[in-house]
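S.K.: From the sequence below, what's the structure:
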Amino acid sequence: MTRFFSIDAANAAIPELRTILETLRDERSQLIALRDEFARQTAREAAPTPGDPAPPEPLPAGTGDDPADGEGRRRLRLRMQGVIDQMQAGVARIDELGVTLREIETGLIDFPALVSGRQVWLCWRLGEGEIESWHELGDGFGGRQALVDLS
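M.R.: As a prediction, the model looks like this:
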C-alpha cells in the first residue's frame, strides 16, 4: 500500500533523505572512478607487447580465476561490489520510507501525496530547502509547479 505524505511529513523526512542522497551521490562518483580505473587496468593488461607469448584462454566471466586477471583488477572488483552493496542499502532505505528515487546524481526524489482525492508527486532534490514543488503523476521534473499552485 502506498504511503501518502503531507507537506509537513515530507519536509520532516528531508534531513534523513538528504544524508542518504549525499552519500549515494558520493558513492556513485566513487563507483565511476573505480569503473574507470578497472577499464584502464584491463586495457593495459590486454595490450600485447611485441614478443609476448599468447595469453592463456580466459575462463568464463565471473569465475574470478582467470589467470590474465591481475590482482589489482580483482581488488577493484571487490571494492566496486562493496560500493554497490552500500548504494543498494541506501536505495532500500529510501524505498522503506515510501519515497521514489528519480536520480542519484542530482538527488531527485518524489513523495506520493493526495490532493483533493488525486495522487500527485511532491518533488524535491538536493540543494533545495523545504518542498516547494509538485507535479502530476505523468509529468516529470519539467512539469514541476510551485506548491502555491497546488489545488
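S.K.: State which helix of this protein is the longest.
M.R.: When the chain is parsed with DSSP state H, its longest helix is helix 7-46.
S.K.: Now do the buried residues in it.
M.R.: 7, 10-11, 13-14, 17-18, 20-21, 24-25, 27, 30-31, 34, 38, 41 (16 or more other C-beta atoms under 10 Å). All C-beta spots, glycine's among them, are computed from the backbone N, C-alpha and C.
S.K.: quick one, what contacts R73?
M.R.: For R73, the contact set (C-beta atoms under 8 Å, 6 or more residues apart in numbering) comprises 38, 41-42, 45.
S.K.: swap in R28?
M.R.: The contact partners of R28, by C-beta under 8 Å, 6+ apart, come to 87, 104-105.
S.K.: now do L17
M.R.: By C-beta under 8 Å, 6+ apart, the residues touching L17 are 94, 97, 99, 109, 124.
S.K.: Tell me how many other residues surround the first one.
M.R.: Looking back up the chat, that one is I94. 18 (other C-beta atoms under 10 Å).
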